[in-house]
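Novice: got a predicted structure here, sequence first:
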Amino acid sequence: MNEPTTRRAPARLLTTTAIAAGLAIGLTACSTSGSTGPAADDPTGTAKPHGYVEGASEAQEPQVRLLAVSATGETAVHDLLGGETTDLDRVDAPEHSATDGRFLVTSTDERTTIVDGGAWTVDHGDHTHYYAAEPRVVDTIEGGGPVEVHSSETMTTITWPERGEAVVLDRAALGQGSVEETARVDATVLLPFGEQLVAGTADGVRVLDGEGTPTGTEQACADPAGGIVTRAGAVVGCADGAVVVDEAGETSTVALPAGAERPTAFSARAGRPTVAGIAGDRGFWLLDSREGDWRLVETDRPLRAVTAVDDEDEHVVAVDDRGRVVVVTASTGAVATTDPLVDPDEQPLLQLDAQRGYVTDASGARVHEVDFADGARIARSIDLPAAPVAFAEVGL
């Protein structure tokens, strides 16, 4: 059985425009001992406070922003709390995009661009840190095509599934404005999970160390496509279900019913165990990565996008083939819809957090904010400098 091909790169910088200490994300250890703050008897007061991140400010709530790129590459970030919109540098006209909740990655057929939204959340289980810094266009990477991006505290992976190639970037350096490549892996799915990587390859799902070297843990998985990191583990979609790798590095297979149409992508609110994927024209699948089971929820119309909120009421937010936002309360079966909001012929751009969903309006330079817990009510419409074709909600 062939091992995934890994091409290690000597930690090289692909940009010379980094702003020193700009967006450093080197988190200090979250403990009550050590230098969590200036000691009471320290006259200098030089010890860094708990959760300190150089170049960023820490807040008491998520610093949520909308990051958008137009068809001509105009890039802007809108602060959802303050209401201000800031223009960033223009990028290549995007043909594909993906986000990890901080970085928006866009691509053409030739190269890939990374934009830092300048807002992010660090969830340490028993407590959470919220950070804000200056947003900016970071740099480009040669090679393009459809793209996926995922991040842990230390690594960011960018994958081009059609090329079967993925790159591992040092996330601390990326937060400072430098693209520092640490490994390349032949894979259609690559997920950073703690200090390890979970790869979907032609030979199945493999667990790799942070440098891309196989650890020996593997699981059969035909045609891996679609991946997501949840609170319960790293999930890789397979032809007949999914493989879940838990924190202990153990793998398990969650099989779909025989003959079921598989989802090829998963989406969910950050840090939740239940994720959603489109089930052909029938509706959507809910995969509980903690319990290891699938649930099919059928809808009246085929869906173009779907995301699981995974809250107490089990809200799922989707866009159907008529361009309507559809909110399903899976716990009760209740369904609420909006009027058509987006062009049904275009791939909808849908993002959500714990309270709201956001969908771009392709007919104009605006984003609709949907209160999914209140009957799919349009809470507000936000005007942007240009109609977005790539879009992310950052700060989550």
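Specialist: Everything's here; your move. Predicted model, so just to flag it, every value in this text is computed and none were measured. Residues are numbered from 1 along each chain as shown.
Novice: quick one: low-confidence ranges for the stretch 51-200 of the chain?
Specialist: Across the stretch 51-200 of the chain, the ranges flagged by pLDDT under 70 are 51-52.
Novice: which residue is the nearest non-sequential neighbour of residue 342?
Specialist: With sequence-adjacent residues excluded and distances taken as C-beta to C-beta, 6 or more residues apart in numbering, residue 342 is closest to residue 323, at 4.4 Å. C-beta here means a position set from N, CA and C on the backbone, and glycine is covered the same way.
Novice: gap between the one you found and residue 311?
Specialist: As for residue 323, its distance to residue 311 is 25 Å (criterion: C-beta to C-beta, to the nearest Å).
Novice: more neighbours: which of those two?
Specialist: Set residue 323 next to residue 311 and count neighbours by other C-beta atoms under 10 Å: residue 323 wins out with 21 against 17.
Novice: let me see the contact set for that one.
Specialist: Going by C-beta atoms under 8 Å, 6 or more residues apart in numbering, residue 323 touches 340, 341, 342, 343, 344, 348.
Novice: which one of the residues you listed is nearest residue 215?
Specialist: Comparing the contacts of residue 323 against residue 215 with C-beta to C-beta picks out residue 348 as the nearest, at 38.2 Å.
Novice: if you skip the residues just before and after it, what's nearest to the closest one?
Specialist: residue 319 (4.0 Å).
Novice: host element of the closest residue to residue 60 other than its chain neighbours?
Specialist: Spatial nearest neighbour of residue 60, excluding adjacent residues (C-beta to C-beta, 6+ apart): residue 130 at 7.0 Å. Taking DSSP states H and E as the definition, residue 130 sits inside strand 128-132.
Novice: how about residues contacting stretch 161-171?
Specialist: Contacts to stretch 161-171, defined as C-beta under 8 Å, 6+ apart, come from residues 11, 25, 141, 143, 145-146, 148, 151-160, 179-190, 192, 197, 199, 202, 210, 212, 225.
Novice: ignore what I typed, I meant stretch 326-335.
Specialist: Contact with stretch 326-335 is made by 284, 286, 295, 297, 299-301, 303, 312-320, 336-337, 357, 370, 372, 375-376, as judged by C-beta under 8 Å, 6+ apart.
Novice: among the residues you listed, which ones are buried?
Specialist: Among the contacts of stretch 326-335, those buried by neighbour count (16 or more other C-beta atoms under 10 Å) are 284, 286, 297, 299, 301, 303, 314-320, 336-337, 357, 370, 372, 376.
Novice: returning to that earlier point: can you list contacts of the helix or strand where the residue nearest to residue 348 lies?
Specialist: Assigned by DSSP H and E, residue 319 falls within strand 315-320. Residues from elsewhere that reach strand 315-320, judged by C-beta under 8 Å, 6+ apart: 276, 284, 286, 297, 299-309, 325-330, 337, 342, 348, 350, 352, 357, 359, 370, 372-373.
Novice: any idea which helix or strand comes after it?
Specialist: Taking DSSP H and E, what comes next after strand 315-320 is strand 324-329.
Novice: could you dump that following strand to CSV, C-alpha only?
Specialist: Provided in CSV are the C-alpha atoms of strand 324-329 (Å, rounded to 0.1, in the frame of the first residue of the first chain):
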residue,chain,number,x,y,z
ARG,A,324,-34.8,30.7,-0.8
VAL,A,325,-33.3,30.4,2.7
VAL,A,326,-34.8,27.3,4.3
VAL,A,327,-34.7,26.8,8.1
VAL,A,328,-35.4,23.3,9.3
THR,A,329,-35.9,22.7,13.1
